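Visitor: sequence and predicted structure below; questions after.
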Amino acid sequence: MTVHKEIDAVTGTETTGHVWDGDLKELNKPLPRWWLTVLYSCIVWAIGYWVAYPAWPLIDGYTQGMLGYSQRSEVAKDVAAAKEAQAKFVAAIAERAPADIEKDADLMEFVLRGGATQFANNCAPCHGRGAQGFKGYPNLNDDDWLWGGTDENIERTVRYGIRSGHAESRESAMPRFGIDQILTSAQISDTATFVLSLSGTAGDPAAAERGKVVFAEQCVACHGAEGKGTLEMGAPNLTDGIWLYGGGKADVEETIRTGRGGVMPAWDGKLDPVTIKMLAIYVHALGGGK
Ligand code: HEC
Ligand code: HEC
């Protein structure tokens, strides 16, 4: 090709020889060498990448690449490594008694972290993220226990549940004194007044006296002579001012009238034994457990 090179008078740059409209000339300004080098190296690198790594979509699947890399296999490797690191902790938890685990700082860190995650996944919907509880769902942070706050008690509660239908479940319930016409409305009102007086809420003294008589006949079998509750029956302490179903007079009357029986599911079979033990130790640690 013949090229009519000429130097442009204004810019002093060589022209390509292309001319438009008679006098419009194109300057010869090639792309800088460094820029081209980068461009070509990128192209070479991209081709190498396509060959080495998964790259092109196919009709079903994608090109796998020669290195056999996939994010899935990377994750699987990480998970396997984490499982291996956990294995010795898991074995120790399975073997050792809770009290013994609690003395081991490293093991406890593992238990508390794992327990917190499991709690958030399985228990928080009912007991709250901070285990603070809601009406009918006990607060697990305080040291007030329906069924007992030792590691063993808590583990049993979590494993078999409460009124859960599991053969080993914790049973017993607060009877329906009103609905089943064991007590009249007046007696229920009097008994509620007496129950509230146990935690220092004063009411009509004459009503409380009458309620005390009813309490002695109907309630002490489960709640104890002083109303302090019985763990074996899951019957709450009525003297501590902590209420599962509310501590207003109307709440207490409602409890006596309709009975109560909260249901906590059994986790046996849904969570493995090590996870259940971790959860028990975690809950125990939350509440300054007994
Ligand atoms: C479907 C709701 C629900 C879920 C989910 C649930 N709980 Fe409960 N839990 C309850 C109820 C209701 C009670 C109170 C039962 C009663 O009134 O005796 C309870 C009681 C307990 C108690 C006994 C407290 C005491 O004072 O003795 C513990 C411990 C406990 N739950 C731990 C857990 C743990 C740990 C999990 C997660 C693995 C969990 N709960 C999941 C509803 C639930
Ligand atoms: C058969 C055993 C039993 C008897 C008898 C019984 N209770 Fe209960 N009571 C329970 C149980 C169990 C609970 C807890 C229910 C639950 O956790 O859902 C309870 C809960 C309560 C509560 C709720 C406490 C709270 O924290 O909200 C009150 C109040 C109460 N009982 C008062 C009485 C009174 C008053 C009587 C007598 C008239 C009585 N109970 C008789 C077993 C009994």
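Guide: Everything's here; your move. Ligands and ions are numbered 1, 2, ... in the order given.
Visitor: going forward, measure contacts and count neighbours with C-alpha atoms only.
Guide: Will do.
Visitor: which stretches of this protein have low pLDDT?
Guide: Low-confidence segments of the chain (pLDDT under 70): 1-5, 288-290.
Visitor: can you give me the helices for it?
Guide: Ranges of helices in the chain, per DSSP state H, are 33-52, 71-95, 98-102, 105-122, 124-127, 151-160, 185-198, 205-218, 220-223, 249-258, 273-286.
Visitor: which strands or helices does the third one pack on?
Guide: It stands for helix 98-102. helix 105-122, helix 273-286 (3 or more CA pairs under 8 Å, 6 or more residues apart in numbering; DSSP states H and E).
Visitor: only C-alpha atoms, please: export that helix in CSV.
Guide: Output in CSV follows, covering the C-alpha atoms of helix 98-102 (Å, rounded to 0.1, in the frame of the first residue of the first chain):
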residue,chain,number,x,y,z
PRO,A,98,-21.3,-31.0,82.4
ALA,A,99,-19.6,-29.9,85.7
ASP,A,100,-16.3,-31.2,84.3
ILE,A,101,-16.8,-29.4,81.0
GLU,A,102,-17.6,-26.1,82.8
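Visitor: what's in contact with it?
Guide: Applying CA atoms under 8 Å, 6 or more residues apart in numbering, the external contacts of helix 98-102 come out as Ile93, Leu107, Met108, Asp151, Lys277, Ile281.
Visitor: do that again at 10 Å, thanks
Guide: Outside helix 98-102, the residues within contact range by CA atoms under 10 Å, 6 or more residues apart in numbering are 92-93, 95-96, 107-109, 111, 150-152, 155, 277-278, 280-281, 284-285.
Visitor: and if you look at stretch 40-47?
Guide: Identification of contacts with stretch 40-47 by CA under 10 Å, 6+ apart yields Trp35, Leu36, Thr37, Val38, Leu39, Gly48, Tyr49, Val51, Ala52, Ala55.
Visitor: in JSON lines: the residues you listed, plus neighbour count and distance to ligand 2.
Guide: Shown next, in JSON lines, are those (neighbours: other CA atoms under 10 Å; distance: CA to the nearest ligand atom, whole Å):
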{"residue": "Trp35", "neighbour count": "10", "distance to ligand 2": "76"}
{"residue": "Leu36", "neighbour count": "12", "distance to ligand 2": "77"}
{"residue": "Thr37", "neighbour count": "11", "distance to ligand 2": "77"}
{"residue": "Val38", "neighbour count": "11", "distance to ligand 2": "73"}
{"residue": "Leu39", "neighbour count": "12", "distance to ligand 2": "73"}
{"residue": "Gly48", "neighbour count": "12", "distance to ligand 2": "67"}
{"residue": "Tyr49", "neighbour count": "14", "distance to ligand 2": "64"}
{"residue": "Val51", "neighbour count": "16", "distance to ligand 2": "65"}
{"residue": "Ala52", "neighbour count": "16", "distance to ligand 2": "63"}
{"residue": "Ala55", "neighbour count": "15", "distance to ligand 2": "59"}
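Visitor: out of the residues you listed, which touch ligand 1?
Guide: Near ligand 1, judged by CA under 6 Å from any ligand atom, there are no entries from those.
Visitor: ok, now which ones touch Lys277?
Guide: 93-94, 97-98, 111, 115, 151-152, 154-156, 158-159, 271, 283.
Visitor: next to ligand 1, which bits of this structure? Give me the list.
Guide: Residues of the chain lying near ligand 1 (CA under 6 Å from any ligand atom): 119, 122-123, 125-126, 136-138, 145-148, 154, 157-158, 162, 234, 261-265, 279.
Visitor: what subset of these is buried?
Guide: 119, 123, 126, 136-138, 145-148, 154, 157-158, 162, 234, 261, 264-265, 279 (16 or more other CA atoms under 10 Å).
Visitor: near ligand 2, which of these show up?
Guide: Gly234, Gly261.
Visitor: could you report the neighbour count for Gly269?
Guide: A count of nearby residues for Gly269, using other CA atoms under 10 Å, gives 9.
Visitor: quick check: it vs Gly161, distance?
Guide: 12 Å (CA to CA, to the nearest Å).
Visitor: beta partners for the residue of the stretch 51-200 of the chain at minimum distance from ligand 2?
Guide: Going by CA to the nearest ligand atom, ligand 2 is nearest to Met174 of the stretch 51-200 of the chain, at 3.6 Å. Beta-bridge partners for Met174, by DSSP bridges, are Arg260.
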